[in-house]
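1. sequence? don't have it. structure:
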């Protein structure tokens, strides 16, 4: 009688979280999870011994339904980041962030000698030592690449890091790509930037992310009258095109009763909010997921004119909430948009095109508000269960 094929085991590692816990949950459901090692607590009880002063750092991370025997965490990475953010100027804090990723990477590498696994999935900047150790032990190396290739990032918006730090980061990223058996991106847009940089096509795979359609859902018919409201969700940074958004909004707001609401932390362009009429431009700051969901339900249009957004989680979240989306061509989740039916795509760095489309929305509020049903239906292909299926299918092929 033929033997039963062995199920491969994959260790998932990440110095923070991002979407790594979703990958871990997908593998666990398929019987393929060899371990989930992260920089933040994943399961109940892991943070009990952490000093109360540090617990707020982890409070926003909900527990994940994973086997506690498979979950490890390394609190020193986020603790080092917190120290840098709180005590150091931006330039020095960036070095601290890099150091935290490298420290986490070395911790994972040391641990690979103990568990039995077939592959390790590690996030960029924290995968180099992990991959070197994995190669010595015969494990497959899978690079979690949540961003565009660094060459595309440099071309699109440059960096705010010092030349020395930028050189170190790009060198680590290039070595990780060279050691990776496969690279996993979060969108076809991101995948294409790796191909453009010379990485072999058969080595790079796109697995689009998902959204929580239970949390992000329409509220009845949505806005029906009153001023049309644009919503921006993200840090107020150049990479996200925040300056482009404000410039475009200024062009249309001079002659129309428009509203712009901004959800997210202050970033390098936060100063551009100074002196604005709060009745027209409302800065809400960071919001928890339930509050963001409420904002999306109230919004007429989500605007995300990023210079570089490998995916853009808020895009499927907005569609699931019934809000059409206006994005740049450099937002990976643009693949969810049917132009004119669930949103619009404009050229990157084009203030005039962005303002023209915002003006059209203001001139046609009923047409915009009639798109809500199509938006919700468009999001149904971008759920977390759909991501789980795609991710496990890929892991069965490459791990």
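-> In hand now; what should we look at? Bear in mind that the values here come from a model prediction, so they are computed numbers and not experimental data.
2. Quick one: find the helix or strand in this structure with the lowest mean pLDDT.
-> Using mean pLDDT, DSSP states H and E, helix 52-58 stands out as the lowest-scoring helix or strand of the chain, at a mean of 58.
3. immediately after that helix, which helix or strand?
-> Later in the chain than helix 52-58, the nearest helix or strand by DSSP states H and E is strand 71-73.
4. what helices or strands is the helix or strand just after that following strand leaning on?
-> Heading C-terminal from strand 71-73, the first helix or strand you meet, by DSSP H and E, is helix 76-87. Judged by 3 or more Cβ pairs under 8 Å, 6 or more residues apart in numbering; DSSP states H and E, helix 76-87 is in contact with helix 52-58, helix 90-111. Using the backbone N, CA and C atoms, a C-beta is placed for each residue, glycine as well.
5. buried set for helix 76-87?
-> The neighbour-count check on helix 76-87 (16 or more other Cβ atoms under 10 Å) flags 77, 78, 79, 80, 81, 82, 84 as buried.
6. Give me the contacts around that helix.
-> Residues from elsewhere that reach helix 76-87 (Cβ atoms under 8 Å, 6 or more residues apart in numbering): 15-16, 39-40, 54, 57-58, 92-93, 95-97, 99-101, 103-104, 107.
7. picking up where we left off before, would you list the buried residues of helix 76-87 in JSON lines and tack on distance to residue 184?
-> Listed next are these as JSON lines, based on distance: Cβ to Cβ, whole Å:
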{"residue": "77", "distance to residue 184": "21"}
{"residue": "78", "distance to residue 184": "23"}
{"residue": "79", "distance to residue 184": "28"}
{"residue": "80", "distance to residue 184": "26"}
{"residue": "81", "distance to residue 184": "24"}
{"residue": "82", "distance to residue 184": "28"}
{"residue": "84", "distance to residue 184": "28"}
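8. out of those residues, who's nearest residue 112?
-> Top of the list for closeness to residue 112, among these and by Cβ to Cβ, is residue 77 at 16.9 Å.
9. With adjacent residues omitted, what lies nearest to residue 284?
-> Using Cβ to Cβ, 6 or more residues apart in numbering and skipping residues adjacent in sequence, the residue nearest residue 284 is residue 263, 5.1 Å away.
10. show me the contacts for that neighbour.
-> Listed by Cβ under 8 Å, 6+ apart, the contact partners of residue 263 are 231, 232, 233, 234, 284, 285, 286, 287, 291, 292, 295.
11. Near residue 137, how many residues? Count them for me, please.
-> 10 (other Cβ atoms under 10 Å).
12. May I ask you to confirm that it is in contact with residue 111?
-> No - in this structure, residue 137 is not within contact of residue 111 by Cβ atoms under 8 Å, at 11.3 Å.
13. Excluding chain neighbours, what is closest to residue 63?
-> Ranked by Cβ to Cβ, 6+ apart and with sequence neighbours excluded, the top spatial neighbour of residue 63 is residue 44, at 5.1 Å.
14. measure that neighbour to residue 75 for me?
-> Distance from residue 44 to residue 75, counting by Cβ to Cβ, to the nearest Å: 16 Å.
15. Which residue of these two possesses the greater neighbour count?
-> The neighbour count for residue 44 versus residue 75, taken as other Cβ under 10 Å, is higher for residue 75 (18 against 12).
16. What pLDDT is listed against that one?
-> Note on residue 75: pLDDT of 86.
17. So it is in contact with residue 39, correct?
-> Yes - at 7.2 Å, residue 75 counts as touching residue 39 under the criterion of Cβ under 8 Å.
18. For the stretch 151-300 of the chain, which segments are assigned as helices?
-> 163-179, 188-196, 242-253, 289-298 (DSSP state H, counting those that start in this stretch).
19. what are the ranges of the strands in the protein?
-> 10-14, 33-38, 71-73, 119-123, 140-145, 182-185, 204-206, 229-233, 259-263, 281-285, 301-304, 325-328, 343-346 (DSSP state E).
20. Make a markdown table out of the ones you listed and add distance to residue 218.
-> As requested, the strands of the chain are exported to a markdown table (distance: least, Cβ to Cβ, whole Å):
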| stretch | distance to residue 218 |
| --- | --- |
| strand 10-14 | 32 |
| strand 33-38 | 33 |
| strand 71-73 | 35 |
| strand 119-123 | 34 |
| strand 140-145 | 32 |
| strand 182-185 | 30 |
| strand 204-206 | 28 |
| strand 229-233 | 14 |
| strand 259-263 | 18 |
| strand 281-285 | 20 |
| strand 301-304 | 13 |
| strand 325-328 | 14 |
| strand 343-346 | 15 |
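21. that older thread, list the backbone torsions phi and psi for the residue nearest to residue 63.
-> Dihedral pair for residue 44: phi -60, psi 140, per degrees, to the nearest 10.
22. what's the spacing between it and residue 379?
-> Using Cβ to Cβ, residue 44 is found at 30 Å from residue 379.
23. swap in residue 330?
-> Taking Cβ to Cβ as the measure, residue 330 and residue 379 are separated by 21 Å.
24. more crowded one of the two?
-> Shown here are residue 330 and residue 379; by other Cβ under 10 Å, residue 330 has more neighbours (26 against 23).
25. so where's the protein uncertain?
-> For the chain, applying pLDDT under 70 flags the ranges 1-6, 47-60, 84-86, 88, 115, 220-224.
26. buried stuff in stretch 121-138?
-> Going by 16+ other Cβ under 10 Å, stretch 121-138 has these buried residues: 121-134.
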